[in-house]
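Novice: I'll drop the sequence and a predicted model, then ask my questions.
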Amino acid sequence: MSEFAGNDSLLEMFLYETSQNLEQLEQIILKTEEAGGFSEEAVKEIFRIMHTIKGSAAMMSFEDISKLAHRMEDLFFIIRENPAVSYSSSEISDLVLACMDCLHRELQSIRDGDAAGSEECRRMIERVEQLHAVMKSRVDNTPAADSPSKASGSPAAAQGGNISGNRFEAKITFEPDCGMENIRAFFVIQDLQPLCAALAYEPSELDDEAAKRIREQGFLLHITTPLSRDELVRHLSQTALLKDLEVKEAAQEPKPAKKAQEEPKQTKSDVTTDEYRFQPQSMISVGVAKLDRLLDLMGEAIIAEAMVTESPDLPATPMPDFRKATARLRRIMQEMQDAVMSLRLVPLAGTFQKMFRIVRDMGKKLNKQIELKISGEDTEVDKNVIEHLSDPLIHMIRNSIDHGIESPDERVAAGKPAYGTIRLDAHSAGGDVIITISDDGRGLNREKILKKAKQNGLLNRPEEDMTDREVYNMIFLPGFSTKENVTEFSGRGVGMDVVVKNLSAVGGTVSVDSTPGKGMKVTMKIPLTIAIIDGMNVVVGDLKYTIPTSAIRETFRPTKDQIFTDTEGNEMVWLRGECLSLYRMYKLWNIPTNITEPTDGILVLIEQDGKRRCFMVDSLLGRQQVVVKRLPSYVKRGDRLAHAAGCTLLGDGSISLILDVPWLVGAEI
Amino acid sequence: MISVLVVDDAAFMRLAIKNVLTKNGFTVVGEAANGREAVEKYLELRPDIVTMDITMPDMTGIEAVKQIRAEDPNAKIVMISAMGQENMVKEAILSGAKSFIVKPYKEEHIVMTLNKVAAAT
Amino acid sequence: MDQRQSPFVSEQDEDTLLNRYLIFSLASEEYALEIRHVTEIVGLQPITFLPEMPGYIKGIINLRGSIVPIMDLRLRFGKESREYDERTCIVICRMEDINIGLIVDRVSEVCTIPAEDVAPTPAVKKDSHRFVKGVCKTDGKVKLILDSHKIVAEDDVPAVKSTVAGGEGR
């Protein structure tokens, strides 16, 4: 009802729970397909989910959503009550999934602030209604089927005339819109029966028709009872949602009417097995915005802590108590930070499970038989990170199905099982989460990739010099796609580079390896959390930069004989028998500074993914935990500031730019 | 103050009902998400009234009504039902439910029904 | 350029803010900027220089924890820069979904300029009035009405490319 519609927390809860329900629904459908048909449990559960959505949506006045859920509920009601009815389970699965997608879109448009209810939704309702009609006709033509609509039995006739007691006529009117007036009347009868010698009522059949009549004309009772009028009135007044009650003494015998004696249809009271059981837990749901706020505050607190403990106002004398106290403070802050971070961690299960649907839909379309096996779905990742994972995963899985897994015939001919297998695994390793996607398809083809790379001008080294791995990883370069014909699924003009782009947005990396004929394996490495990093602050001219300490191998001041220049003018530095490229940061970005000689500054050796480079800075400021903030998009437009992954506020309120490590070791500079 | 146990498998519904009840001076002493939990919570909390959804996993509302009434014949339970569940409401009534509310409900209907049921002897 | 439909101003604000302008000056000219774009006005504060920026972007500031880019409006309009003094202000604006601070010589007032008092700028030659969408004359002084869209537009993109060759291999 509209009185609930304006309530934000209710709306939030509605959106949240309904999407949860839809996800659960998807799981059931996919399990069903695995099992080859709807189990009794599954039918019951789908019915229940639709019922819940129907009720909630009606409360929020989302009529179309409620109606669609209602129609689905009706459909599954038929299946539930008539286990013998014949239907195509794949047809029903498709319908449920389509309906689910439709509901997802409805929820999204509500989230976007658009009006709910769309043409699509109404078409969907029609589709469900059509199937419902077909199913219903099948049931009606099955003589054995016992429909619960027959349940309302006819009341028996009232007993004869010679009954002692006071006779009354009562008229009951219910509150408008209270609903199920016939059942309310039934309730009155049930309640009154034991107190009456005889009882008759109008309308005498308490069916759906009666509800309307009672709503319009009231419910009439002819009562013969030992009770006094007052006692009777008091008793009837206890009826809930009673609007009006008239009781008058009756002059003549009650008209021969029918007596209420109705056995309810025995509905199976069922205990479900635990396969799809919803597990209520002692949990509260908190808006992400609140968690983000908490994280921001945590960041501010860390900065404030540094401002206090490193304040220039502190005397130079040793202050053992103060130092002890600050050490304790730091420890508590550390623990608090861990706790705040852990609040934001969510398991990958939801993201992983979405992939079943992708595999199912694509396998069906491309006529390939594929089994998806997932493991490690309990691995947890920061909420902010997880949002960036879905697209890359979908992309890689589509790629595997489209290009990797062969057709069943081809597979059998190659001595493999007709079923292709894709494995999706996650596990944590230190501060990172490693996600692998592997398949047992045909694998990557070195020659094809090289040919394609050459065509697109992506080859900048002699191909003999490139290892297989290096060749395979070229598929992630912008503008690379191995298949000539763009298919509906993996083509679409975007290449694997979107995977790289998405992952690097959260500081992750991706690589691929393959054995021809045996399959390929994609490894994604994602930081557990991106919001706070351990950084080394350095100075270049007036600028401060922060380098993630995880990427720093060492820092040193070189001697003159360590530095040399090759014939193209590229600077190098010798470090214990290794020759490394040297870049002067002030030169790279035209930063004015007084320190222009490497021997006066400091070199920072940065390493990631086996790539090492040296960068020259003026001096080091120190190591600190910093909160990563995004740079305003206005200053990071185009190629500008490609080397900065973000920025952070230091203890003195100044701003430091966080260097982008993948860029530092990978960019052509 | 009338104490209420709210039973519904949908957290949304529980919140909606709770909002209405709290606003109108009832005390929601507990919530349960299925029939089994409802029975446990009832025995633990002994609320004045239970609002009971019908369709729930693990144990339906009707079964919960039966079990609660078996433990406490004076238990006052109000069913929260949807249109189309007439037969189940009937069964719930025969099992001892005191009244029912039809979703989507009006705020005043809940308040009126619960007050009435609480006052009844 | 119609910007009435800014999603950040509610309808009610829209009415009260309609035709209200912040007046500030650069060199000898007075400019008017629709007040609905203005978030606050702060004094000059330390600006963190950023490399690879066009000259009119002076850098970023830390405004109570949020990072705001700062544009020197004199440089943006191709005027000569001058030493900042105690009257120099930063006008923090939100335009086209972008938060930005504009450095101006001084801020004078907020006033109402009825739409009928605004005259379009004469078409002199292409690009001549690219930041000004209208002129108005009140109290004998001409005020140039700014086109916020053009101020933050990226109309001169590859101003970067100094010594660095983009970030390809990422």
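Specialist: In hand now; what should we look at? Bear in mind that the values here come from a model prediction, so they are computed numbers and not experimental data.

Novice: now residue A:37: which helix or strand?
Specialist: Following DSSP states H and E, one finds residue A:37 outside all helices and strands.

Novice: which parts of chain C sit against chain B?
Specialist: By CB under 8 Å from any CB of the partner chain, no residue of chain C approaches chain B. For every residue, glycine as well, the C-beta is placed using N, CA and C.

Novice: remind me which residues of chain C are low pLDDT?
Specialist: Within chain C, the stretches with pLDDT under 70 are C:1-17, C:64-65, C:123-129, C:154-170.

Novice: at 90 what do you get?
Specialist: C:1-21, C:27-29, C:35-46, C:62-67, C:77-87, C:94-99, C:107-143, C:147-170 (pLDDT under 90).

Novice: quick check: the nearest residue to residue C:96 once chain neighbours are set aside vs residue C:77, distance?
Specialist: Take residue C:96 and drop its neighbours on the chain: the residue closest to it by CB to CB, 6 or more residues apart in numbering or on different chains is residue C:152, 5.4 Å away. Distance, residue C:152 to residue C:77, by CB to CB, to the nearest Å: 14 Å.

Novice: now residue A:312
Specialist: Using CB to CB, residue A:312 is found at 40 Å from residue C:77.

Novice: and what of residue A:115?
Specialist: Applying CB to CB, the value for residue A:115 to residue C:77 is 44 Å.

Novice: residue A:224 too?
Specialist: Going from residue A:224 to residue C:77 by CB to CB gives 98 Å.

Novice: for chain B, which residue gets nearest to chain C?
Specialist: Across chain B, the shortest distance to chain C (CB to the nearest CB) belongs to residue B:19, at 26.5 Å.

Novice: so that residue is in which element?
Specialist: For residue B:19, the element it lies in under DSSP H and E is helix B:11-23.

Novice: by contact count, what packs against that helix?
Specialist: Applying 3 or more CB pairs under 8 Å, 6 or more residues apart in numbering or on different chains; DSSP states H and E, we find helix B:11-23 packed against helix A:8-35, helix A:40-59, strand B:3-7, strand B:27-32, helix B:107-119.

Novice: need the winner for burial among these.
Specialist: Highest mean neighbour count of the helices and strands packed on helix B:11-23: strand B:3-7, a mean of 25 (counted as mean count of other CB atoms under 10 Å in any protein chain shown).

Novice: tell me which other helices or strands it touches.
Specialist: Using 3+ CB pairs under 8 Å, 6+ apart, the elements in contact with strand B:3-7 are helix B:11-23, strand B:27-32, helix B:35-45, strand B:49-53.

Novice: that one pairs with which strands?
Specialist: strand B:27-32 (parallel), strand B:49-53 (parallel) (DSSP bridges).

Novice: save the helices and strands packed on strand B:3-7 as JSON lines, and put in mean pLDDT too.
Specialist: Shown next, in JSON lines, are the helices and strands packed on strand B:3-7 (pLDDT from 0 to 100):
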{"stretch": "helix B:11-23", "mean pLDDT": "88"}
{"stretch": "strand B:27-32", "mean pLDDT": "92"}
{"stretch": "helix B:35-45", "mean pLDDT": "92"}
{"stretch": "strand B:49-53", "mean pLDDT": "94"}
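
Novice: before we move on, back to that, count the neighbours of the residue of chain B closest to chain C for me.
Specialist: 16 (other CB atoms under 10 Å in any protein chain shown).

Novice: please apply the same query to residue A:579.
Specialist: Burial of residue A:579 is recorded as 11 neighbouring residues (other CB under 10 Å).

Novice: sorry, back to before: okay if I get the helices and strands packed on helix B:11-23 as CSV plus distance to residue A:438?
Specialist: Output for those, formatted as CSV (distance: least, CB to CB, whole Å):
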stretch, distance to residue A:438
helix A:8-35, 21
helix A:40-59, 30
strand B:3-7, 46
strand B:27-32, 44
helix B:107-119, 55
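
Novice: count of residues packed around the closest residue to chain C within the stretch 51-200 of chain A?
Specialist: Proximity of the stretch 51-200 of chain A to chain C (CB to the nearest CB) peaks at residue A:113, 10.2 Å away. Using other CB under 10 Å, residue A:113 is surrounded by 6 other residues.

Novice: ok, it - contacts?
Specialist: For residue A:113, the contact set (CB atoms under 8 Å, 6 or more residues apart in numbering or on different chains) is empty.

Novice: for residue C:145, which non-adjacent residue is closest in space?
Specialist: Excluding its sequence neighbours, the residue lying closest to residue C:145 (CB to CB, 6+ apart) is residue C:134, at 4.1 Å.

Novice: would you say the one you found is within a helix?
Specialist: No. According to DSSP: H, G, I helix; E, B strand; the rest coil, the state of residue C:134 is strand, so it is not within a helix.

Novice: could you list the buried residues of whichever strand or helix holds residue A:511?
Specialist: Residue A:511 is located in strand A:509-515, with elements delineated by DSSP H and E. For strand A:509-515, the neighbour count (16 or more other CB atoms under 10 Å in any protein chain shown) marks A:509-510, A:512-514 as buried.

Novice: export those as TSV, with columns for distance to chain B.
Specialist: Output for these, formatted as TSV (distance: CB to the nearest CB, whole Å):
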residue	distance to chain B
A:509	39
A:510	37
A:512	42
A:513	44
A:514	45
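
Novice: just confirm the residue of the stretch 51-200 of chain A closest to chain C is within a helix.
Specialist: No. Using three-state DSSP, the assignment for residue A:113 is coil, not a helix.

Novice: could you check how far it is from residue A:104?
Specialist: Look at residue A:113 and residue A:104: by CB to CB, they are 17 Å apart.

Novice: likewise residue C:33?
Specialist: Computed as CB to CB, the residue C:33 to residue A:104 distance reads 43 Å.

Novice: and what of residue C:27?
Specialist: From residue C:27 to residue A:104 the distance is 57 Å (CB to CB).

Novice: what pLDDT does the model give residue A:400?
Specialist: Per-residue pLDDT puts residue A:400 at 89.

Novice: if I follow the layout properly, it ends up in contact with residue A:437?
Specialist: Yes. The pair residue A:400 / residue A:437 is scored as a contact, 6.5 Å apart, by CB atoms under 8 Å.

Novice: what about the two, which has more around it?
Specialist: Per other CB under 10 Å, whichever of residue A:400 and residue A:437 has more neighbours is residue A:400, with 28 against 25.

Novice: contacting residues around that one?
Specialist: For residue A:400, the contacting residues are A:422, A:437, A:439, A:441, A:520, by CB under 8 Å, 6+ apart.

Novice: list phi and psi for the fourth one.
Specialist: Backbone torsions of residue A:441, given as degrees, to the nearest 10, read phi -90, psi -150.

Novice: for it, grab the count of nearby residues.
Specialist: Using other CB under 10 Å, residue A:441 is surrounded by 26 other residues.

Novice: and the last one, by the same measure?
Specialist: The local packing count at residue A:520 equals 24, with neighbours defined by other CB under 10 Å.

Novice: bridging residues for it?
Specialist: Beta-bridge partners for residue A:520, by DSSP bridges, are residue A:514.

Novice: OK, contacts around residue A:74?
Specialist: For residue A:74, the contacting residues are residue A:132, by CB under 8 Å, 6+ apart.

Novice: err, residue A:129, not the other one
Specialist: Shown in contact with residue A:129 (CB under 8 Å, 6+ apart): residue A:71.

Novice: surely it is within a helix?
Specialist: Yes. Using three-state DSSP, the assignment for residue A:129 is a helix.
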